[in-house]
Structure formats: C-alpha cells, structure tokens
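Undergrad: only geometry, no sequence info:
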C-alpha cells in the first residue's frame, strides 16, 4: 500500500493529483502510527516530502516535512543519525531544487524550509544540547532564505547564519547585498552581522562564536575590499571589538566605544546589539534602553526560528 501511494506521489504531474496523493499518504501515515509502526511512518513522510520537492510541489512538501518534525517532537525521538538525516536531506533537497524554480516558488521553498527548520530546531533542542545538528539546520535554512531573492531575505538568512557555522556562505550573502548598496553603507552590513553573531552566542561558546565572527568579517572584507578606499572607522571598530572579545578586555571595549561612538550612532540597532554583547561577553551591566531599542534588545538573545514554537 505504501509503495503504491509513494509511486502516485512521484508521478503526480499537477497540483490536484499531488494533493490527492498526499492525502492518501497521510492516511497511511496515521494508520501506521495507530499501529505503533513509528519508524515506518517517519520514513513514509520523508520519502513523500522528497518526492514532492523533486516535482516542485512546495505546498505538499512543506506539509509533510512539518508533519515529520512535529512527530519527532511529539514522540520525543532522539536526534540520532537516522532521524537527523531525514530532516537534513529534506532541507538539502529544497536548496538543490530552488535554483530551478520560478521566483515565486523560490520564495515559497524558503518559507516552507523555514517552517520545517523551526520545527526541527524545537525538536533538537528538546532532546539536549545537539549543537552540531542545530547549526547544520541553521546553515541550510539560511541558504534557502539567502537564495530566495525576496527583499527581506538577508535579514531572515542572517538570523540563521548568526547561529550556524558557515562563515563563507554568510560572508558571501552579506557581500552580495552590500555590493548593491552605496559604498558608504557597505560597512553597516558587516557591523550588523558581526554584532548579531556575538549577541546570539550562548555562555558556553563565547570564544567559539567570537572566532566565527572573525572568520565572517575576514571573508566579507576580502570580497568587498576596495584598495582605493581605506577601511571605514566602523570596520576598525569591529576589528577592535573582536580583539576585545577574544581577550575579554572590558577596558579595550570602553576605549573603542569612546573612539568610535559616532560610527555606532549611524544605526540605532548597532547600539542595542552592542549592549547585548557587552553583557554576554564582558559581564557589563547593560544600559537602559527604551522604546524600539528596548524591544530589540529583548529579542536579540533569543532564537527567532523557535521563539514562537
């Protein structure tokens, strides 16, 4: 029965037949669950989702992918190699399929992937630390957002990249956007990204995330560096900030703040993110921030991919 329905999914050539095949597959999935054949049920969802992706049927694929990660969470599955591999393959297949899609479908693929990633992150974090799996999920979700072509894509991608570990891909996405902006604004892309990485770091990984931020900054600088234009004061501040974070030198940070404060005032978000960094990396009491900056501060340390989960 399962094989026949999977074949229907694979052969579905339009939205109507895809939907009908998906509904049959879901019925079999629920039947398998009622018989406690959970691994067989998970595998059915995974194969169905991957087939829908191959056919470019993103709505059907997204529904099955979300059903899979929700089942993992509900059943308290361990994030072992087999379970994790299904989720990562779905996200990877979405990424591989995305370039061949229409503009609208690319955005939809990113949206569906983001929702699947959100459920997968919730599941992975429920089962313990699992830092490596969490970063792999963030890397794939970030790439989907960055390649979607949507206007807010960089902000959505950065939220994931800041918690992933693919410094080259993060820098490439930043550089691609920065090179379309006026030269005088390019350093703001780097500043937001570096501060976001540092602000999102957990207490047990401060040095590791500082090194990641350094790698992102160096890759970005190589991609956008213009030998005829000296580095901006803001880029000098970022270099000094990472040195201060590496040595946990609050004195150096305070010196940098005094020297480069006009540069930080170019974007209010930088000041809010810096307050988070000061508290996390230097143990400094944060300044009072009201209004929009205060709201931004409260959200910076949380993971937006699972904040509402």
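TA: Received, thanks. All values reported here derive from a predicted model rather than from experimental measurement. Residues are numbered from 1 along each chain as shown.
Undergrad: from here on, contacts and neighbour counts on C-alpha atoms
TA: Noted.
Undergrad: ranges for the helices of the stretch 1-150 of the chain?
TA: In the stretch 1-150 of the chain, the segments counted as helices under DSSP state H, counting those that start in this stretch are 2-11, 15-34, 38-54, 58-74, 81-97, 103-126, 131-146.
Undergrad: okay if I get those helices as CSV plus distance to residue 284?
TA: As requested, the helices of the stretch 1-150 of the chain are arranged in CSV below (distance: least, Cα to Cα, whole Å):
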stretch, distance to residue 284
helix 2-11, 56
helix 15-34, 51
helix 38-54, 47
helix 58-74, 37
helix 81-97, 38
helix 103-126, 28
helix 131-146, 26
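Undergrad: Among these, which comes closest to residue 200?
TA: Distance to residue 200, taken as Cα to Cα, is lowest for helix 131-146 among the helices of the stretch 1-150 of the chain, at 12.5 Å.
Undergrad: any idea of the mean pLDDT for the closest one?
TA: In this model, helix 131-146 has a mean pLDDT of 96.
Undergrad: quick one on the thing from earlier: of the helices of the stretch 1-150 of the chain, which shows the lowest average pLDDT?
TA: Per-segment confidence across those bottoms out at helix 2-11, which has a mean of 90 in mean pLDDT.
Undergrad: If you count contacts, what does it end up packed against?
TA: Contact here means 3 or more Cα pairs under 8 Å, 6 or more residues apart in numbering; DSSP states H and E; on that basis helix 2-11 packs against helix 15-34, helix 38-54.
Undergrad: So which of those helices is the most surrounded?
TA: Among these, ranked by average contacts under mean count of other Cα atoms under 10 Å, first place goes to helix 38-54 (a mean of 21).
Undergrad: Run the angle between that one and helix 58-74 for me.
TA: Interaxial angle of helix 38-54 relative to helix 58-74 (axes from the mean of the first three to the mean of the last three Cα atoms, to 10 degrees): 160 degrees.
Undergrad: contact partners of helix 38-54?
TA: Residues from elsewhere that reach helix 38-54, judged by Cα atoms under 8 Å, 6 or more residues apart in numbering: 2, 6, 9-10, 18, 22, 25-26, 29-30, 32-33, 58, 60-62, 64-65, 67-68, 71, 86-87, 90, 93-94, 97.
Undergrad: Could you pull up the residues touching residue 76?
TA: Going by Cα under 8 Å, 6+ apart, the list of residues near residue 76 reads 123, 127.
Undergrad: where does it sit relative to residue 89, distance-wise?
TA: With the distance defined as Cα to Cα, to the nearest Å, residue 76 ends up 20 Å from residue 89.
Undergrad: can you check residue 6 too?
TA: From residue 6 across to residue 89, the span is 17 Å (Cα to Cα).
Undergrad: repeat for residue 284
TA: The span separating residue 284 from residue 89 equals 42 Å under the rule Cα to Cα.
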